[in-house]
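Undergrad: need the 3D shape of this:
(one chain, ligands or ions: 1)
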Amino acid sequence: MKQSTSLVPQHVAIIMDGNGRWAERKGRPRWMGHVAGARVVKDVVAHCARAGVEQLTLYAFSSDNWNRPVEEVAGLLELFESHFRTQAEPLEQKGIRLSVIGQRTRLPLALRQVISDVEARTAAGRRMHLRVALDYSSRAAIQGALPAQQAVRGLARGTTILPPVDLLVRTGGERRLSDFLLWECAYAELLFLDVLWPDVTGAVLDAAFEDFARRERRYGHVPQRVSA
Ligand code: FPP
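TA: Model prediction:
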């Protein structure tokens, strides 16, 4: 498998955590945290493309998030729909391809339609590949990629396993992967930040990339030394 030695992480994955706490700390309802979080998504996508990141994968809604209160789930699904609707044009102009990963069948029809539209419209984008994970479970994705499961369920081959992640960032202070890209993070550098997602800025990202650039990635080998 191709091993990255680039100083800028080629594939960045982000667990965007802390929207609810951000809102609660300001005495606002949780949905306002998600709205603020969606604004930050736009800035982060643009910033990563400018920095030279080739692939950015964002964890927006896990398969376990269906267990949240129905109003919160409904609000999030509406937010995704309006985000994809309004971002189709700017993403296309920036040369950013957008794909949605996860189990699409449980999403509302209108959202699925908007997803198909934005995917088709941005398909030619070559500057960066943005993937948004909706109704995503890494364990389900790995299971679905197993040949035996494909044979039983008639699934397409290898559609849900992504290229390896170089840098996995989780905001919001928790230190866990929560069923996100478990296979793809085999050799990822992990960075857990206390900052809440809506407070993420370009400076926070730049510091994350600097931290990544300082790490020695050995992939199980011995360190490389410059010979005299
Ligand atoms: C976790 O924070 C965040 C989510 C479950 C939703 C992520 C959604 C966004 C960042 C906004 C919209 C995204 C797109 C792609 C348009 P939390 O609510 O669990 O925060 P908490 O741990 O503080 O409660």
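
Undergrad: how about residues contacting the helix or strand residue 92 falls within?
TA: According to DSSP states H and E, residue 92 maps onto helix 70-94. Applying Cβ atoms under 8 Å, 6 or more residues apart in numbering, the contact partners of helix 70-94 are 30-31, 34-35, 38, 41-42, 45-46, 49, 60-61, 65-66, 68, 97-98, 107-108, 110-111, 114-115, 117-118, 121-122, 125, 127-128, 130, 132, 134. In this view, the C-beta of every residue, glycine as well, is placed from N, C-alpha and C.

Undergrad: near the ligand, from these?
TA: Among the contacts of helix 70-94, proximity to the ligand is found for 34, 38, 41, 60, 65, 132 (Cβ under 6 Å from any ligand atom).

Undergrad: show me the contacts for the last one.
TA: The one in question is residue 132. Shown in contact with residue 132 (Cβ under 8 Å, 6+ apart): 57, 58, 60, 80, 98, 99, 100, 101.

Undergrad: helix or strand right after the lowest-mean-pLDDT helix or strand in the chain?
TA: Lowest on mean pLDDT, DSSP states H and E among the helices and strands of the chain sits helix 147-153, with a mean of 68. Sequence order places strand 167-170 as the next helix or strand after helix 147-153, per DSSP H and E.

Undergrad: how about that following strand: buried residues?
TA: 167, 168, 169, 170 (16 or more other Cβ atoms under 10 Å).

Undergrad: emit the PyMOL select command for whichever of the contacts of helix 70-94 are buried.
TA: Buried residues within the contacts of helix 70-94, by 16+ other Cβ under 10 Å, are selected in PyMOL with:
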select buried, resi 30+31+34+35+38+41+45+46+49+60+61+65+68+97+98+107+111+114+115+118+121+122+125+128+130+132+134
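
Undergrad: is residue 61 bridged to anything, and to what?
TA: Beta-bridge partners of residue 61, counted by DSSP bridges, are residue 134.

Undergrad: repeat that for residue 101.
TA: Beta bridges link residue 101 to residue 133, judged by DSSP bridges.

Undergrad: tell me who's in contact with residue 18.
TA: The contact partners of residue 18, by Cβ under 8 Å, 6+ apart, come to 33, 171, 172, 173, 195, 196, 197, 198, 199.

Undergrad: out of those, which are buried?
TA: 33, 171, 172, 195, 196, 197, 198, 199.

Undergrad: restrict the residues you listed to those near the ligand?
TA: Contacts with the ligand within the buried ones among the contacts of residue 18, counted by Cβ under 6 Å from any ligand atom: 172, 197.

Undergrad: including pLDDT and secondary structure, could the buried ones among the contacts of residue 18 go into CSV?
TA: Formatted as CSV, those follow (pLDDT from 0 to 100; DSSP: H, G, I helix; E, B strand; the rest coil):
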residue, pLDDT, secondary structure
33, 98, helix
171, 98, coil
172, 98, coil
195, 98, coil
196, 98, coil
197, 98, helix
198, 98, helix
199, 98, helix
